[in-house]
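1. Structure here, sequence nowhere to be found:
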């Protein structure tokens, strides 16, 4: 099973990658079955504006996309709908999105709350994030912390589950396209032979 997941958050990628060996691993879904995933590609998609023209290359053949924002950064939450959703839907409209709220360990951090209050801001409420996930058509919303690793495994388990389903659907579509093309080719050859014989 080959899966490609694109991630939009550096710390999330770093913590998950270095916490365990992911060359070959078993994925268990609700304790019902296990799959040996032999090829799992996890790509980091750069967010800086200067990479806008290059970023579309990482979207190619993506099976699941982790769209992340910080729960203690209202600006990053706003960018989800204003910047990232339009870009993703333009570049890969059929790819399933998982909305991920990161840094949930800082939601009650006094220093962070004071700094947010100084800017007349507050942490993003979980209800608001879930409402946005529904609005944008995300398959799920998960909050996690790269620092404490809270829900970190759940994020990637969900990405793998969604990615597997999308990968299977994409493979079926591609087989259907190839089959149709082969049939058209055979019909063309058959028609050409009949045409030549008639002439």
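-> Cool, got the structure. These numbers come from a predicted model, not from an experiment.
2. and residue 143, how many neighbours?
-> Using other CB atoms under 10 Å, residue 143 is surrounded by 21 other residues. Quick note: C-beta positions are derived from backbone N, CA and C, even for glycine.
3. Do a quick rundown of the strands in the protein.
-> Using DSSP state E, the strands assigned to the chain run over residues 2-7, 25-29, 33-37, 39-44, 64-70, 97-102, 140-143.
4. Which strands or helices does the shortest one pack on?
-> Contact partners of strand 140-143 among helices and strands, from 3 or more CB pairs under 8 Å, 6 or more residues apart in numbering; DSSP states H and E: strand 97-102, helix 126-136, helix 152-198.
5. nearest spatial neighbour of residue 69, skipping sequence neighbours?
-> With sequence-adjacent residues excluded and distances taken as CB to CB, 6 or more residues apart in numbering, residue 69 is closest to residue 76, at 4.1 Å.
6. Surely the one you found is in contact with residue 70?
-> Yes: the pair residue 76 / residue 70 is scored as a contact, 5.0 Å apart, by CB atoms under 8 Å.
7. Which residues are in contact with each of the two?
-> Here residue 76 and residue 70 share no contacting residue, scored by CB atoms under 8 Å, 6 or more residues apart in numbering.
8. out of everything not next to it in sequence, what's closest to residue 150?
-> residue 144 (5.9 Å).
9. That neighbour: how many residues sit nearby?
-> Residues lying near residue 144 (other CB under 10 Å) number 26.
10. and it, what does it touch?
-> By CB under 8 Å, 6+ apart, residue 144 lies in contact with 12, 100-102, 104, 150-152, 154-155.
11. got it, and residue 79?
-> Residues near residue 79 by CB under 8 Å, 6+ apart: residue 69.
12. Distance of it relative to residue 128?
-> 14 Å (CB to CB, to the nearest Å).
13. In this structure residue 105 contacts residue 149, no?
-> No: with contact defined as CB under 8 Å, residue 105 does not count as touching residue 149 (9.7 Å).
14. May I have the predicted confidence score for the residue nearest to residue 150?
-> At residue 144, the pLDDT value in this model is 92.
15. cool, the one 10 residues further on as well?
-> Model confidence at residue 154, expressed as pLDDT, equals 90.
16. What distance do you get for the residue nearest to it when sequence neighbours are not counted to residue 117?
-> The shortest distance from residue 154 to any non-neighbouring residue, by CB to CB, 6+ apart, is to residue 142 (5.9 Å). Relative to residue 117, residue 142 is positioned 27 Å away (criterion: CB to CB).
17. give me the number of residues near the residue nearest to residue 69?
-> Neighbours of residue 76 under the rule other CB under 10 Å: 21.
18. same deal with residue 60?
-> Counted with other CB under 10 Å, residue 60 comes out at 11.
19. if I pick the residue nearest to it when sequence neighbours are not counted, what's in contact with it?
-> For residue 60, ignoring the flanking residues on the chain, the nearest one in space by CB to CB, 6+ apart is residue 92 at 8.0 Å. With contact taken as CB under 8 Å, 6+ apart, residue 92 is in contact with 59-60, 62, 65.
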